[in-house]
Structures are given as C-alpha cells and as structure tokens.
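Participant: when you get a sec, could you give me coordinates for this:
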Amino acid sequence: MGVSSRITNDNEQCQLERQIRVCMIRSCHVEQEKDIKRGKKCVRTPKSPRGMRFALSGCSSSRIYKPKFCGVCTDGRCCTPHTTVTAEVEFHCPEGDAFRRKMMFIKTCSCHHNCPRDNDIFLITLRIH
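Facilitator: The predicted structure is shown next:
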C-alpha cells in the first residue's frame, strides 16, 4: 500500500486543494511477466483473480475487493495508472476500532517513457535492454 497525492480543483468551489488517498499500484505477490503473451510487450491492467481484503496499519478492509493493478512493460517503458476513481474504504482493526480512508482504484494503466524514476517501485519493473 502507498499514498497518492494530487492537487486538483475538482470540487464545488473550484478551489485548488490537495487530495490524499491510499493506493495499491501493483500486487507484491504476483509475477506478472509470465502472463505476457508471446510477441506482446506488456500486460497493462491485470485484475486480481480472487477477491482480497486491503490491509492498512494492522487493520483490514471490511469488504472484499477485486482490484485492477498496473502490470509491466517489457520494452523499457513503465506502466502507471492512467484512469482512476476514488472510493471510501472502511477498515476494521482487531481491537474493534474502525476507520475510513479514501482509496484510489485503477480503471486503466498505460505504458510510456515518462517514468517517475525517483520512485523505486517503478525502477523494479523497469527493464533496460
């Protein structure tokens, strides 16, 4: 899990504001390169095959989700979210506490050369030939 922040004026007052949301760009437990078909260069938006609960600070989401993730590009480009939506996710903790966080859900991803190289999550999936 990570944190995404952006500056936007997409609100009723049309005022610039910082929006912060929890995000999960790609699953840590999936080797996506094996899913790339021969002759293809990327798997842009794989969907979770099974429902999953999100974990945050020792708490887990009350609902089960089937999120989409950003995949990999094998031709030197990086794969990042292109279209996203924000939804509130409720988390329940073992002690009985509950809280809500805005979370980014990926609709589509795209492969491109404008890679955020200062973020090591993208360096891991970047291949240089």
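
Participant: look up the pLDDT of the residue at minimal distance from the centre of the chain for me, please.
Facilitator: Residue closest to the average C-alpha location in the chain (CA atoms, centre = their mean): Ile25, at 2.2 Å. Ile25 is assigned 77 on the pLDDT scale.

Participant: cool, and Asn119?
Facilitator: On the pLDDT scale, Asn119 is placed at 50.

Participant: now the residue nearest to the centre of the chain: closest residue in space, sequence neighbours ignored.
Facilitator: Cys70 (5.2 Å; CB to CB, 6 or more residues apart in numbering). Backbone N, C-alpha and C define where each C-beta goes, glycine included.

Participant: how many neighbours does that neighbour have?
Facilitator: By other CB atoms under 10 Å, 28 other residues sit near Cys70.

Participant: what's the answer for Thr74, then?
Facilitator: Residues near Thr74, counting by other CB under 10 Å, number 15.

Participant: likewise Asp97?
Facilitator: If you count neighbours by other CB under 10 Å, Asp97 ends up with 9.

Participant: now it. Nearest residue, chain neighbours left out?
Facilitator: Using CB to CB, 6+ apart and skipping the chain neighbours, the partner closest in space to Asp97 is Cys59 (7.5 Å).

Participant: what residues are up against the one you found?
Facilitator: Phe91, His92, Cys93, Pro94, Asp97, Ala98, Phe99 (CB atoms under 8 Å, 6 or more residues apart in numbering).

Participant: thanks again, I'm all set now.
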